[in-house]
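**Q** Quick one: sequence plus predicted model below, questions after.
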Amino acid sequence: LENEVADLKVKLNEVKQGVKSAGDKPPVTSKWDVTFYGKVQFEARYDSRMPVSTVNYRYVSATPSTANADNDTLDANAFGSQLGFDIKCPEMGGGKPSAKVEGDFNGAGGGANTPNFRLRKAYAEMEYKDYGMKFRAGQDSEILAPLSPDVIGFDNQLYFGGNLGNGRKPEVMGQWSQDLADGCSLTLQAAVLRGIDNNDSGTTNDDTVVSHKPAYEGRFALGVAAFGMEKKMEAGLSGHYGQEVAEFATSATNQDGTHTFETYSFAGDLVVPVCQYLDLKGEAWRGRNLDGYDGGINQGIAGTTPGL
């Protein structure tokens, strides 16, 4: 017994010495697990034609007569650098709460070497693993047409050039996922969100805000075990519906100068794993009035006064 007590004293001494060697700093304890993350991203690009934006590089100018349209361009920036943190909280009411805040440096109004910080994501989430459910409120990526290509131009992703949606909007989202037999899975998602439009009517108000109605999105996805690999082949169907109210000073058909327009889309997405390091991905979609969802050629409502 005396030998065991002596051994315990030695081990206790070692622990005390270890604390002293760490600078005598008291341990930091919290019920919330906070993880900070970030990245530094640098991009340099050369183009033989003047693009519409030298930052986002969505498309080049289609009109040679436009000033400087035929000029070569060279751009470099670190706007895609990101900072963020994740918060994981203790269980509450049978669910696991968490939160995320993330931003980059592509905010409006900044200079070439003095960018402004921009909020990308900020949401709270409650997950009920036993039921395969989660609920999320805040600003997050849309569930509409969720696939996006990795291309040069961190905030491009072929918006207005073939890719639809998957922007970030304020929303309330619910998701239900369930594992089925033989490695299959089923996912249902629905969201109510604030539409963001490009203000086609030319007033100071966002057309979707004037409509005083939210937009709605939904997605159904089926996952299937792919050829014995850990990754799954997944096929999804998604869509959205919303309304916009364009304000005009006068109108031949509406004396108060407002018109209501619908915005909607239907999309299909598919991911097929080829091997551990290669996936084939693609989307197909069709819709109307999609400038607020980065679809088409950035053309929304085109009207004249009076009448549209």
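**A** Nice, thanks for sending it over.
**Q** name the element the nearest residue to Lys213 once chain neighbours are set aside belongs to?
**A** Sequence neighbours aside, Gln243 is the residue nearest to Lys213 in space, at 5.3 Å (criterion: C-beta to C-beta, 6 or more residues apart in numbering). In this view, the C-beta of every residue, glycine as well, is placed from N, C-alpha and C. Assigned by DSSP states H and E, Gln243 belongs to strand 232-247.
**Q** Packing partners of whichever helix or strand comes after that strand?
**A** Where DSSP H and E defines the elements, the next helix or strand beyond strand 232-247 is strand 258-275. Judged by 3 or more C-beta pairs under 8 Å, 6 or more residues apart in numbering; DSSP states H and E, strand 258-275 is in contact with strand 232-247, strand 278-288.
**Q** Report the buried residues of the last one.
**A** When burial is assessed from 16 or more other C-beta atoms under 10 Å, strand 278-288 yields the following buried residues: 283, 285, 287.
**Q** elements contacting that strand?
**A** Using 3+ C-beta pairs under 8 Å, 6+ apart, strand 278-288 sits against strand 258-275.
**Q** average model confidence for the strand it packs on?
**A** Averaging pLDDT along strand 258-275 gives 88.
**Q** partner strands of that strand, parallel or antiparallel?
**A** strand 232-247 (antiparallel), strand 278-288 (antiparallel) (DSSP bridges).
**Q** ok, residues contacting stretch 34-41?
**A** Under the criterion C-beta atoms under 8 Å, 6 or more residues apart in numbering, residues 78, 80-88, 154 lie in contact with stretch 34-41.
**Q** now swap in stretch 216-228 and tell me
**A** 142-144, 146, 171, 182-193, 232-242, 269, 272-273.
**Q** thinking again about what came up before, possible to save the buried residues of strand 278-288 as JSON lines with distance to Asp7 and pLDDT?
**A** Below are these laid out as JSON lines (distance: C-beta to C-beta, whole Å; pLDDT from 0 to 100):
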{"residue": "Glu283", "distance to Asp7": "65", "pLDDT": "91"}
{"residue": "Trp285", "distance to Asp7": "70", "pLDDT": "91"}
{"residue": "Gly287", "distance to Asp7": "73", "pLDDT": "90"}
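**Q** before we move on, the earlier item: wait, which of the contacts of stretch 34-41 is closest to Asp104?
**A** Comparing the contacts of stretch 34-41 against Asp104 with C-beta to C-beta places Gln82 closest, at 4.8 Å.
**Q** and that closest one, bridged to which residues?
**A** Applying DSSP bridges, one finds that Gln82 bridges with Lys39, Asp104.
**Q** Would you confirm that Ala44 belongs to a helix?
**A** No - read with DSSP: H, G, I helix; E, B strand; the rest coil, Ala44 is strand and lies in no helix.
**Q** Quickly list what it is bridged to.
**A** Ala76.
**Q** could you check the distance from it over to Glu234?
**A** 35 Å (C-beta to C-beta, to the nearest Å).
**Q** For the two, indicate the residue with more neighbours.
**A** Glu234 (21 against 9; other C-beta atoms under 10 Å).
**Q** Flag the shaky bits of the protein, pLDDT-wise.
**A** 1, 14-30, 52-70, 152-157, 166, 197-211, 247-257, 302-308 (pLDDT under 70).
**Q** ranges for the helices of it?
**A** Secondary structure of the chain (DSSP state H): helices at 2-21, 207-210.
**Q** got a list of what Lys231 touches?
**A** Contacts of Lys231 (C-beta under 8 Å, 6+ apart): 273, 276, 279.
**Q** Now which of the contacts of stretch 216-228 would you call buried?
**A** Using 16+ other C-beta under 10 Å as the burial test, the contacts of stretch 216-228 include 142-144, 146, 171, 185, 187, 189, 191, 193, 232-234, 236, 238-240, 242, 269, 272-273 as buried.
**Q** hmm, back to that, can you tell me which of the strands paired with strand 258-275 is nearest to Phe160?
**A** Using C-beta to C-beta, the nearest of the strands paired with strand 258-275 to Phe160 is strand 278-288, at 13.2 Å.
**Q** that older thread, could you dump the strands paired with strand 258-275 to TSV with distance to Ile297?
**A** Below are the strands paired with strand 258-275 laid out as TSV (distance: least, C-beta to C-beta, whole Å):
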stretch	distance to Ile297
strand 232-247	18
strand 278-288	13
